[in-house]
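Visitor: this is a predicted model, with the sequence first.
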Amino acid sequence: MMKLSRFSGVQAAVRPLIGACCLALSAVIPVHAAGNIEAGKAASATCAACHGATGNSAAPMFPSIAGQSASYLAEQLHAFRDGNRVNPIMSPQAKALTDQQILDLAAYFSAQTRTVANASTDDSIPGAHLWKFGGHSNSIAACAACHGPQGQGNQPAGFPALRGLTPQYVIESLMAYRNDQRKTEHASIMVSIAKKLSDDDMKDVAQHIATFR
Ligand code: HEC
Ligand code: HEC
């Protein structure tokens, strides 16, 4: 399994507390151990207007962040704050966040349950094929391999959940990777994939993601 290493610094800080006997365990400590869910909840009031109180957004332009990988959420918040991911609405929201607030918010939202209100029943065949098997002619990896068969993501690896994200947001995200506009530490995985996707591939796979419950 691929493991994202952005938080190895956190793990290193925790390691001495655990003692030599348990060194191996420190590699699997969940990232949200470093964030405080209660403090995150208190800081989340300003986020609720757009992302919903529990991180389940009601509007297509605002991504749901409930139940998302904590390491992924923290990485995106750092990116908005530091200018490595730019959005005119979201960037100002992250500008004043401290590193600890980012960890707390990530812990709070990752601990919430994601609900998918209006799953589509239009299961488009081309999108489903790309999702499950990837693209053979242009060697695109299967999306399901990292994001899970039903888009549930992979928390330990930091691969984000995609179920519940609207086609509009998914297409915008894929375009942003293709155009090198998302510059997080782990964006390169998606940049190389998005550059191989046609506009139709993006629409098809976004429609398929909208069928996940
Ligand atoms: C005024 C509306 C608004 C508010 C308030 C807001 N956001 Fe956002 N947020 C957005 C929009 C729009 C995006 C999508 C940005 C993009 O497309 O790049 C976003 C994206 C995000 C993402 C990336 C999600 C992903 O799937 O990559 C995270 C994480 C996030 N917001 C967290 C927060 C947190 C935490 C707060 C509160 C401190 C907050 N937001 C407040 C509008 C808002
Ligand atoms: C090798 C693993 C891997 C594969 C295969 C993969 N992804 Fe990703 N995906 C990631 C990672 C890691 C991220 C987070 C990158 C970042 O930090 O921005 C991501 C992010 C995304 C996002 C942004 C989510 C958000 O909330 O903003 C979308 C959309 C996405 N992937 C769609 C796809 C689609 C569609 C495919 C198949 C064509 C695919 N991915 C294949 C690892 C993968």
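Guide: Ah, there it is. Ligands and ions are numbered 1, 2, ... in the order given.

Visitor: can you tell me which residues in this structure are near ligand 2?
Guide: Applying C-beta under 6 Å from any ligand atom, we find that the chain lies next to ligand 2 at 63, 72, 75, 130, 140-141, 143, 145-147, 159-160, 162, 165, 170, 173-174, 182, 184, 186-187, 189-190, 193, 205. Every residue, glycine included, has its C-beta placed from N, CA and C.

Visitor: drop anything exposed from the residues you listed.
Guide: 63, 72, 75, 130, 140, 143, 146-147, 159-160, 162, 165, 170, 173-174, 182, 184, 186-187, 190, 193, 205 (16 or more other C-beta atoms under 10 Å).

Visitor: please parse the protein into its domains.
Guide: Per automatic domain parsing, the domain ranges recorded for the chain read 31-110, 125-209.

Visitor: would you reformat these as a markdown table and include mean pLDDT?
Guide: A markdown table is the format used below for the domains of the chain (pLDDT from 0 to 100):
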| stretch | mean pLDDT |
| --- | --- |
| domain 31-110 | 95 |
| domain 125-209 | 95 |
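
Visitor: of all these, which one comes closest to ligand 1?
Guide: Smallest distance to ligand 1 across those (C-beta to the nearest ligand atom): 2.8 Å, for domain 31-110.

Visitor: can you tell if stretch 79-93 touches ligand 1?
Guide: Yes. Stretch 79-93 lies within reach of ligand 1 by C-beta under 6 Å from any ligand atom, at 87, 89-90, 93.

Visitor: isn't Pro63 up against Arg163?
Guide: No. If you go by C-beta atoms under 8 Å, Pro63 and Arg163 don't touch, sitting 11.6 Å apart.

Visitor: what does the chain put close to ligand 1?
Guide: 46-47, 49-51, 61-63, 65, 73, 76-77, 87, 89-90, 93, 105, 160, 172.

Visitor: centroid-nearest residue for the chain?
Guide: Ranked by distance to the mean C-alpha position of the chain (C-alpha atoms, centre = their mean), the top residue is Pro160 at 3.3 Å.

Visitor: pretty sure that residue contacts Gly151?
Guide: No. Assessed by C-beta under 8 Å, Pro160 is found out of contact with Gly151, at 9.2 Å.
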